[in-house]
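> below is the structure, and that's it, no one-letter string:
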């Protein structure tokens, strides 16, 4: 069974204080590793898909990287509007269903 | 940007009643999914649907649940006899290739 573990559970940052979120995974036949942002009471909002080890993607202050066992989401110089729960999910070989981690809740203080 | 639309945004129902949650996937997507998220817990896969049939379902998706694509645009999740533990956010998603898009969800509260 596919498994995804995210750490830390919660992260409190000062505005401008860069940090990284970790997602470790085990999956049979990785078809993609997904990062989503989720605001309270909302659906997951797509950020990135990574497909193979060594791949990196960037969007504004966010950068996602992938190895064979884990992925990192780096937040550079965060702003209060980056406060959200960040979800990691893997798509395995079975019809691309996603297995999610529990998320990391990031709070950025001004 | 194309969206997955879910209605209603919030539904309150009595235990034992039937509910239907509705979704309009992105128009050119061929794969459809339902996920749920109990408050404070992980997002969990329920069912995937392709070519007018279920392609995979989780152990959560028992005989009380069913899905349907009644026309070319809607995708529904029916819970026949709701239980208190069915209270959760239910998310519809659709996919084409590697693009996987979620709706904003329906908050189902069973009382």
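Great, that's in hand. Note that the structure is a prediction, hence the values are computed from the model and not measured.

> contacts, neighbours, all on C-alpha from now
OK.

> by contact count, what packs against the least confident helix or strand in chain B by mean pLDDT?
Ranked by mean pLDDT, DSSP states H and E, the weakest helix or strand in chain B is strand B:99-102, scoring a mean of 88. If you count contacts as 3 or more Cα pairs under 8 Å, 6 or more residues apart in numbering or on different chains; DSSP states H and E, strand B:99-102 packs onto strand A:45-50, strand B:88-96.

> residues making contact with the longest one?
Spelled out, that is strand B:88-96. A:43, B:4, B:6, B:23, B:25-26, B:28-39, B:100-109 (Cα atoms under 8 Å, 6 or more residues apart in numbering or on different chains).

> for the very next helix or strand once past the least confident helix or strand of chain B, packing partners?
Next in sequence after strand B:99-102, counting helices and strands by DSSP states H and E, comes strand B:106-110. Contact here means 3+ Cα pairs under 8 Å, 6+ apart; on that basis strand B:106-110 packs against strand B:10-13, strand B:88-96.

> quick one: closest of the ones you listed to residue A:70.
Residue A:70 sits nearest to strand B:88-96 of all these, at 24.0 Å, using Cα to Cα.

> would you mind checking the average pLDDT for the closest one?
Strand B:88-96 carries an average pLDDT of 95.

> what number of residues lie near the closest residue to residue A:68 other than its chain neighbours?
Of all residues not flanking residue A:68 in the chain, residue A:53 sits nearest, at 5.4 Å (Cα to Cα, 6 or more residues apart in numbering or on different chains). When neighbours are counted by other Cα atoms under 10 Å in any protein chain shown, residue A:53 registers 13.

> ok, residue B:85 next?
With other Cα under 10 Å as criterion, residue B:85 counts 11.

> so how far is the least confident helix or strand of chain B from its chain's centroid?
14 Å (Cα atoms, centre = their mean, to the nearest Å).

> sheet-wise, list the partners of it with their directions.
strand B:88-96 (antiparallel) (DSSP bridges).

> nearest residue to the residue in chain A that chain B sits nearest to other than its sequence neighbours?
Residue of chain A nearest chain B, by Cα to the nearest Cα: residue A:43 (4.2 Å). In space, and not counting its chain neighbours, residue A:43 is closest to residue B:104: 4.2 Å by Cα to Cα, 6+ apart.

> same check, this time on residue A:67
residue A:53 (4.4 Å).

> equivalent analysis for residue B:68, please.
Excluding its sequence neighbours, the residue lying closest to residue B:68 (Cα to Cα, 6+ apart) is residue B:76, at 5.3 Å.

> flag every residue of chain B that's near chain A.
Proximity of chain B to chain A, by Cα under 8 Å from any Cα of the partner chain, involves residues B:41-45, B:48, B:55-56, B:91, B:98, B:100-105.
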